[in-house]
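Engineer: attaching a predicted model along with its sequence, questions to come.
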Amino acid sequence: MAFPEISVAELSDRLAAGEPLFDVRQPDEYRDGHAPGAVLVPLGEVPDRLAEFPTGTRVQIICRSGGRSANACAFLTEHGVDAVNVAGGTLAWIDAGYEVVTGESPR
């Protein structure tokens, strides 16, 4: 099943508009640096935590470089979530100079 993909610039605009972002990396990767507001749901936990992904709005999915988030998007899309993959992932976010948050909190 196909799903859309966006750039980190578009992600920045969507975050400013209040759209949700989920990070599917491992907790240690997340603590080392993530986009502001990103909610951690490691890829292996996505099926068990499906109810945490809203179905009434579009959700952005990010990982390190785009692979794990693509897998998450495929699963979520099959289960009725309007999921969008962030191309290039957190590495692209950092390379573009956007704000990075460290620690366990989304903000």
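Structural biologist: Alright, I've got the coordinates. Residues are numbered from 1 along each chain as shown.

Engineer: kindly list the longest helix within this structure.
Structural biologist: helix 67-78 (DSSP state H).

Engineer: run the angle between the helix or strand just after it and helix 67-78 for me.
Structural biologist: With elements assigned by DSSP states H and E, the helix or strand that comes after helix 67-78 is strand 82-86. With axes from the mean of the first three to the mean of the last three CA atoms, to 10 degrees applied, the angle from strand 82-86 to helix 67-78 works out at 170 degrees.

Engineer: what about strand 82-86, average pLDDT?
Structural biologist: Average pLDDT, strand 82-86: 97.

Engineer: helices or strands next to it in the packing?
Structural biologist: Packing partners of strand 82-86 (3 or more CB pairs under 8 Å, 6 or more residues apart in numbering; DSSP states H and E): strand 5-6, strand 58-62, helix 67-78. In this view, the C-beta of every residue, glycine as well, is placed from N, C-alpha and C.

Engineer: highest average neighbour count across the ones you listed?
Structural biologist: Of the helices and strands packed on strand 82-86, the one with the most neighbours on average (mean count of other CB atoms under 10 Å) is strand 58-62, at a mean of 24.
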